[in-house]
Structures are given as structure tokens and as C-alpha cells.
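Undergrad: Take this sequence and fold it.
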Amino acid sequence: MDRYTVPTSYWHQLDDGRVQCDLCPRECKLHDGQRGVCFVRAREDDGVVLTTYGRSSGFCVDPIEKKPLNHFLPGSSVFSFGTAGCNLACRFCQNWDISKSKEIDTLADEASPATIARTAADLGCRSVAFTYNDPTIFMEYAIDVADACRELGIKTVAVTAGYISPAPRAEFYRHLDAANVDLKGFTEEFYKHTCGAELGAVLDTLEYLAGTDVWVELTTLLIPGMNDSDDELDAMTRWVVDHLGPDVPMHFTAFHPDYRMLDKAPTPPATLQRARRIAMDNGVRHAYTGNVRDLEGGSTRCHGCGELVISRDGYVLGEYRLDDSGHCISCGTAIPGVFDGPVEHWGQRRQPVVLRGRRSTGDPR
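TA: Presented below is the predicted three-dimensional model:
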């Protein structure tokens with residue numbers, strides 16, 4: 001093994017000589033030398049290894065609202081990075097140059113978990129995000145980073161599709177503080193034919209997370225004519241309230257043509273506003289629009305008194321009417337989320353970071 005390859009725990013041998021990876025519901029069955037669909041987990045000898053430990057497609061400091069997380073340390077900066085590969089096959093992937101990469105050259109940066117944690121602290125970041133591609137597939141690296149961050153008082157965030165099997169899921173999320181889960185649609189047909197996955201497995205992850213201390217927000221990229229009907233949005237948002245509760249924020253974001261879905265038009269802002277209205281009518285207390293400029297759709301109102309408590313113009317915070325623990329100044333209602341001390345104002349800046357003198361050739365979004 002080279003220094004980027006580490007053994008993994010979630011696999012078992014089959015009677016026919018193959019080895020099955022048990023990380024996610026795909027359950028890839030591998031002959032010697034084969035890689036899973038995710039590309040980064042491979043059979044080596046009689047086990048499964050992670051081939052990208054300590055390697056990244058790039059490092060960047062972002063606003064936490066870009067993940068998007070609107071109720072987790074608002075206004076703060078987050079140290080973001082990803083690796084390569086993905087265990088889904090979304091035809092509309094907005095980050096396909098990284099998540100669909102099968103070129104090791106994508107991984108042009110490297111850093112140990114301790115280096116990442118120390119760099120985040122030196123840059124004043126309150127958290128580190130595993131993003132750009134799904135951290136499920138590099139969970140061993142992500143867990144070690146999370147543990148190194150925790151020692152320095154830095155929180156960690158997963159930006160994920162939630163496509164992970166129960167045993168590794170329990171281990172993974174024990175180490176994390178927050179997650180934004182892509183709920184990509186609300187029909188098995190959409191998941192199967194457009195994402196190469198199963199909706200039921202994602203819903204199972206969401207219900208699991210609802211019983212943990214991990215702060216969760218949801219994002220749905222609305223694609224015209226595919227996952228944006230009133231009926232589907234009604235069913236989705238009712239399920240969220242019934243199974244996860246009214247306090248889980250939902251983000252409805254605009255699609256733009258990309259990767260293998262260039263024939264669809266961009267999402268009209270009216271579609272996002274309609275989705276937000278349906279969600280709130282069904283009891284979602286905090287629903288947002290994204291990838292468009294929408295001052296009301298991006299701002300937070302107190303669900304107790306209706307007063308504006310956080311105004312947002314894109315990623316820039318304006319009026320802020322919460323105390324240090326997240327209570328509405330007008331009526332004292334506790335806004336759901338993670339609020340810890342005075343608000344910060346990182347704004348919309350995006351700051352690429354070079355570690356060990358090497359820069360990624362990609363441009364993570």
C-alpha cells in the first residue's frame with residue numbers, strides 16, 4: 001500500500017471469491033484489483049481499501065451559508081475540502097468535475113488530519129466541511145479529520161446525499177456536528193433513473209439523524225418537470241414534518257444545466273418560491289430559496305412572533321436580532337439550530353487555500 005491507501009472495516013468475503021463493500025447500499029462486489037462505483041474504494045488482496053486518504057481536490061474557506069447551513073454558526077467561515085469520486089450517479093451533478101472524476105490528478109493537494117485542523121484554526125474557521133464530493137466514500141479520512149478538529153474546538157460538517165448503510169452511518173455521525181443532506185427528490189423513480197440510488201435508504205438516514213445530536217438541514221435542487229410538481233413537494237414536506245419535525249430547515253435551490261442534463265432549462269425563481277410556500281403551509285418552520293437572489297426567501301423569521309431575526313442577501317448577513325444563544329430578541333423564542341456567541345460576518349468571500357505549496361487544478365464550487 002502507498003501512503004494514500006488505508007484498510008477499511010466495512011466489507012465481507014463472498015462464497016464466490018469476491019469481496020463485498022458494505023459501506024453503502026450499492027454493496028459493490030469486487031474481484032481483486034477492482035474498484036467500487038465510487039472509484040475511491042477498491043479491493044486489494046482480501047479486503048477493501050480507501051485509496052485517497054490524505055488527498056484532496058482542493059481547500060477553500062467559504063461562508064457556512066454556502067453549504068447551505070443557515071442555522072449553524074451563522075455568519076461564520078468554514079474550511080471546506082473534498083476528494084474525488086461519488087457513490088451516486090446524478091445526471092445533473094453540479095460539481096461533476098470533482099465528484100465524477102476518475103483521474104487521480106484531480107487530487108493535487110494533500111494534508112494530514114492534524115494539518116487540516118490546525119490550518120482551520122489558524123484561519124479562524126469555526127468548522128470544517130467535507131464537501132464538493134460525498135464524504136461517505138472517504139469516511140475514514142473524514143473521521144480522523146473530525147477527531148483532530150474536535151481536539152481544537154472546531155466543529156465538522158458533512159455535505160452529503162445520505163446514501164450510507166446503517167453500521168458505517170452510526171460510526172461516521174458519532175464524530176460529526178452537522179450535516180446538510182441532499183434530498184434529491186421524493187420518488188423512487190427519480191432516484192433510480194436520475195441518481196442511480198434508492199430514496200428509501202436516504203429517508204432511513206434522515207430518520208436516523210433525527211435521533212442524534214447532529215444538526216441537520218436539507219437541500220433539494222429543483223429541476224423543471226422532474227422533481228418540482230406540487231404533489232411531490234407536498235408529499236416531501238409533509239414527510240419531513242411528520243418524521244423529522246418542523247424545525248429541520250429546508251433549502252430549495254435552483255438547477256442550472258450541467259453534466260449530462262443540458263437539455264433542461266434553469267429553475268425559475270417562482271418555482272423555488274412555490275416550493276417554499278408549500279413547505280411552510282405544511283408546517284416547515286424555516287424554508288429557504290437558494291442559487292437565486294431572494295431577500296425574503298433567504299432570510300430567517302422567528303416562528304414565534306414572525307419578526308425578521310436574520311436578514312440575508314445571498315451569503316451576506318444584514319439585520320441580526322438573536323441573542324448569543326439563538327433566542328429572538330423580540331419575544332424570546334428559541335430559534336432551532338446551533339448558535340454560539342456573537343454573530344460573525346464572513347460574508348460572501350471565497351478564499352482558496354494552498355497547503356504544502358500545492359494547489360488543486362480544479363475549482364470547487
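
Undergrad: Residue 144 contacts residue 113, doesn't it?
TA: Yes - with contact defined as Cβ atoms under 8 Å, residue 144 reaches residue 113; the gap is 4.1 Å. Bear in mind the C-beta positions are built from the backbone N, C-alpha and C, glycine included.

Undergrad: Just give me the residue closest to the centre of this structure.
TA: With distances taken as Cα atoms, centre = their mean, residue 159 lies nearest the centre of the chain, 1.3 Å away.

Undergrad: Does it touch residue 67 like I think?
TA: Yes - counting by Cβ under 8 Å, residue 159 does reach residue 67; the two are 5.5 Å apart.

Undergrad: so where does residue 12 fall, helix or strand?
TA: Assigned by DSSP states H and E, residue 12 belongs to strand 11-13.

Undergrad: what separates that strand from the chain centre, distance-wise?
TA: Relative to the mean C-alpha coordinate of its chain, strand 11-13 is positioned 28 Å out (Cα atoms, centre = their mean, to the nearest Å).

Undergrad: what helices or strands is that strand leaning on?
TA: Secondary-structure packing of strand 11-13 (3 or more Cβ pairs under 8 Å, 6 or more residues apart in numbering; DSSP states H and E): strand 19-21.

Undergrad: Pull the residues that contact the strand it packs on.
TA: 8, 10-14, 27-30, 36, 41, 43, 46-48 (Cβ atoms under 8 Å, 6 or more residues apart in numbering).

Undergrad: Quick check: buried residues in stretch 279-294?
TA: For stretch 279-294, a neighbour-count test (16 or more other Cβ atoms under 10 Å) marks 279-280, 282, 284-292, 294 as buried.

Undergrad: got these as a markdown table, with secondary structure, pLDDT and distance to residue 251 columns?
TA: Listed next are those as a markdown table, based on DSSP: H, G, I helix; E, B strand; the rest coil; pLDDT from 0 to 100; distance: Cβ to Cβ, whole Å:
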| residue | secondary structure | pLDDT | distance to residue 251 |
| --- | --- | --- | --- |
| 279 | helix | 98 | 10 |
| 280 | helix | 98 | 13 |
| 282 | coil | 98 | 16 |
| 284 | coil | 98 | 11 |
| 285 | coil | 98 | 14 |
| 286 | coil | 98 | 9 |
| 287 | strand | 98 | 8 |
| 288 | strand | 98 | 5 |
| 289 | strand | 98 | 8 |
| 290 | strand | 95 | 5 |
| 291 | coil | 92 | 9 |
| 292 | coil | 93 | 12 |
| 294 | coil | 95 | 12 |
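
Undergrad: can you give me the helices for the stretch 1-150 of the chain?
TA: For the stretch 1-150 of the chain, applying DSSP state H, counting those that start in this stretch gives helices covering 96-99, 113-122, 139-151.

Undergrad: What mean pLDDT does the longest one get?
TA: For helix 139-151, mean pLDDT rounds to 98.

Undergrad: Could you do the first one as well?
TA: Mean pLDDT, taken over the full extent of helix 96-99, equals 55.

Undergrad: picking up where we left off before, nearest to residue 61, of the helices of the stretch 1-150 of the chain?
TA: When the helices of the stretch 1-150 of the chain are compared by Cβ to Cβ, helix 113-122 sits nearest residue 61, at 8.5 Å.

Undergrad: And the contacts of that closest one?
TA: Residues outside helix 113-122 that contact it (Cβ under 8 Å, 6+ apart): 59, 79, 81, 111, 127-128, 141, 144-145, 147-149, 151-152, 154, 353, 355-356.

Undergrad: List buried residues within these.
TA: 59, 79, 81, 111, 127-128, 141, 144-145, 148-149, 154, 353, 355.

Undergrad: Just flag the most distant two among those residues.
TA: The most widely separated members of the buried ones among the contacts of helix 113-122, counting by Cβ to Cβ, are 144 and 353 (19.0 Å).

Undergrad: Please identify the buried residues of the strand holding residue 12?
TA: So, applying 16+ other Cβ under 10 Å, buried residues of strand 11-13: residue 11.

Undergrad: That strand pairs with which strands, parallel or anti?
TA: When pairing is defined by DSSP bridges, strand 11-13 lines up against strand 19-21 (antiparallel).

Undergrad: Is residue 49 in contact with residue 6, as I believe?
TA: Yes - with contact defined as Cβ under 8 Å, residue 49 reaches residue 6; the gap is 6.4 Å.

Undergrad: The two: which has the busier surroundings?
TA: residue 49 (19 against 15; other Cβ atoms under 10 Å).
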